[in-house]
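Colleague: show me the folded form of this:
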Amino acid sequence: MLEAFGQEAVCQAMLEFEGALAQAQAAEGIIPAKAAEEICRLCHVESFDVAAVVAASGRAGSLAMPLVKQLTERVAQRDPEAARYVHWGSTSQDVVDTAMVLATRRALVLIDRDLDALVDHLFALYARHGQAPVLARTLMQPAQIVSLGFKLAAWTAPLVRARTRIQVAAQAALQLQLGGAVGTLAAMGDRGAAVVARVADELDLRVPQAAWHAQRDEWLTLGTQVGVLCGSLGKVARDLSLMAQGEIGELSEPSGGGRGGSSAMPHKRNPVSSMIALAAAERVPHRVAALLGAMTQEHERGLGNWQAELAEWAGLFISTHGALKALAEASRELEVDEGRMRINIERLRGLVCAEALSMRLALTLGKAKAHHCVEAWSQAVVREQRHLRDVAADALRADPALAPLLGPPELEALFDADAAARPAVSAAQRQMEALQAARAASVTKHARDSDQHAPQ
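Modeller: Below you'll find the model as predicted:
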């Protein structure tokens, strides 16, 4: 991802725009064909002083002006006449925006590839451990028994949806920027639309309805969806890190090779992938907010706000991809301790089955009375450090009115962890099957574009 938005990659993308522009204008008779050939021949970043371009960009106001200046100088050395037609009828924002679109297209291939890998790993975990009973927790406290598959489905679903939303947003956002000075292409006369179509075709970008110099809605919709993906990754990392706490011990990130150790405490096994994803999830909302704040651009070209957007865009993708890469790596070898999950359930002495017991008694006693009984028994569990099953059994035997309501086998069944997890197992199965189908049906550009656009 750093390479996709690196200085050389962005400058090369700008040169690809300049070459495509010259070719299109020559095809439409706007500039001489010989001039276009000379311009295209030199549109290779290897022959440019990228460091000098970057250094000059602060004073110039963008990367485009010093790069175009270098390109013009190089063309002039070979053909002074051709140099007149470099960057003909275009403007700096055309070059930079299109270059960022091309860089983003490569970045999205990386996002798609590693998101696919993460989802694969989560499906594999579901296949191996999906039916294992585990505590559900609400407000950070034990609530009921669900299955690990139920949790995995809750992690996977937003990721599958994010992939689809990003693909849809990308279809609109990955478009050419070419409008000239104020967006009218006035310098190209009545052939401006034809030039736009040719340049877009050469760069394999969507033809825009019009220049979008100060209309950033489609572009920032894509950025926002990438931010939402990072938030969903943060949710996975938060749950994973909590379940990996030593006192809980239900999940563990892979270790070894120096991963997750401590410089002071040899016993430590830190969830470093979760840490990376959580750090990204803390930063990305501020980047998205900055992007949205930069939408209030003045008239036909913004002053400062477009530049602020540029400063945040690459960071958004780098942070999100960092989170994605870290979790994909951790999930590939995530350790699941089903025994510890059951121990954590048993440590609660049946209290997580209190609702099931109350609802069963409510069939005869009514909800209010049943709730009152089970609440009193639950208090006795805490006070006497006994199991709710045993407290309930004693109470049922001691009260002739209650004794016929619930026999020992049925009472025992209410505290069976596997039975308690079955509704979650069924719900997770339905959801994961639907997610598999949605994933299979989603339109992905990774397979088609990875070789062409992704950095190796």
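Colleague: list the contacts of stretch 130-142.
Modeller: Stretch 130-142 is contacted from outside by 143-152, 250, 336, 338, 341-342, 344-345, 348, 351-352, 417-418, 420-421, 424-425, 428-429, 432, using Cβ atoms under 8 Å, 6 or more residues apart in numbering. Where C-beta positions appear, they are placed from N, C-alpha and C, glycine not excepted.
Colleague: please repeat the previous calculation with a cut-off of 6 Å.
Modeller: Where contact means Cβ atoms under 6 Å, 6 or more residues apart in numbering, the residues beyond stretch 130-142 that reach it are 143-149, 338, 341, 344-345, 348, 352, 417-418, 421, 425.
Colleague: ok, stretch 158-167 next?
Modeller: Leu115, Val119, Gln225, Leu229, Ser232, Leu435, Ala438, Arg439, Ser442, Val443.
Colleague: quick one, what contacts the residue nearest the centre of the chain?
Modeller: Residue closest to the average C-alpha location in the chain (Cα atoms, centre = their mean): Leu229, at 2.8 Å. Applying Cβ under 6 Å, 6+ apart, we find Leu229 in contact with Ala162, Thr320.
Colleague: relative to Arg397, how far out is it?
Modeller: Computed as Cβ to Cβ, to the nearest Å, the Leu229 to Arg397 distance reads 56 Å.
Colleague: can you tell me the SS state at Ile145?
Modeller: Secondary structure, DSSP: H, G, I helix; E, B strand; the rest coil: Ile145 is strand.
Colleague: got it, and Gln77?
Modeller: With three-state DSSP as the criterion, Gln77 reads helix.
Colleague: tell me how many other residues crowd it.
Modeller: Per other Cβ atoms under 10 Å, the neighbour tally for Gln77 reads 10.
Colleague: ok, now which ones touch it?
Modeller: By Cβ under 6 Å, 6+ apart, no residues touch Gln77.
Colleague: please enumerate the strands of the stretch 101-250 of the chain.
Modeller: 133-138, 141-147 (DSSP state E, counting those that start in this stretch).
Colleague: reformat the ones you listed into CSV and put mean pLDDT next to each item.
Modeller: Output for these, formatted as CSV (pLDDT from 0 to 100):
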stretch, mean pLDDT
strand 133-138, 98
strand 141-147, 96
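Colleague: in TSV, list these along with mean neighbour count and distance to Val53.
Modeller: What follows is these, written out as TSV (neighbours: other Cβ atoms under 10 Å; distance: least, Cβ to Cβ, whole Å):
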stretch	mean neighbour count	distance to Val53
strand 133-138	18	53
strand 141-147	19	56
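Colleague: what strand or helix carries Ser62?
Modeller: Secondary structure from DSSP states H and E places Ser62 outside every helix and strand.
Colleague: count of neighbours near it?
Modeller: By other Cβ under 10 Å, 19 other residues sit near Ser62.
Colleague: ok, and the closest non-adjacent residue to it?
Modeller: Ser92 (4.8 Å; Cβ to Cβ, 6 or more residues apart in numbering).
Colleague: check contacts around that neighbour.
Modeller: Ser62, Ala64, Met65 are the contacts of Ser92 under Cβ under 6 Å, 6+ apart.
Colleague: touching, the second one and Val96? I think so.
Modeller: Yes: in terms of Cβ atoms under 6 Å, Ala64 counts as a neighbour of Val96; the distance is 5.3 Å.
Colleague: right, so of the strands of the stretch 101-250 of the chain, which gets closest to Ala413?
Modeller: Shortest distance between Ala413 and these, using Cβ to Cβ, is found for strand 141-147: 13.2 Å.
Colleague: quick revisit: farthest pair in the contacts of stretch 158-167?
Modeller: Longest span within these, Cβ to Cβ: Ser232 and Val443, 19.8 Å.
Colleague: the two: which has the busier surroundings?
Modeller: Between Ser232 and Val443, counted using other Cβ under 10 Å, Ser232 has the larger neighbour count: 20 against 11.
Colleague: and that one, how far from Ala33?
Modeller: Noted for Ser232: a distance of 51 Å to Ala33, by Cβ to Cβ.
Colleague: got it, and Phe150?
Modeller: According to Cβ to Cβ, Phe150 and Ala33 sit 65 Å apart.
Colleague: which one's more surrounded, the two?
Modeller: Counting neighbours by other Cβ under 10 Å for Phe150 and for Ala33 shows that Phe150 has the greater number, 25 against 13.
Colleague: quick one: contacts for that one?
Modeller: Under the criterion of Cβ under 6 Å, 6+ apart, the neighbours of Phe150 are Ala424, Ala428.
Colleague: check what pLDDT it gets.
Modeller: Per-residue confidence (pLDDT) for Phe150: 98.
Colleague: burial count for Gly322?
Modeller: Around Gly322 there are 19 residues (other Cβ under 10 Å).
Colleague: where exactly do the helices run in the stretch 101-250 of the chain?
Modeller: Secondary structure of the stretch 101-250 of the chain (DSSP state H, counting those that start in this stretch): helices at 148-173, 192-203, 217-243.
Colleague: quick check, distance from the shortest one to the centre of its chain.
Modeller: Centroid separation between helix 192-203 and its chain, computed with Cα atoms, centre = their mean, to the nearest Å, is 32 Å.
Colleague: start to end distance for stretch 292-302?
Modeller: 14 Å (Cα to Cα, to the nearest Å).
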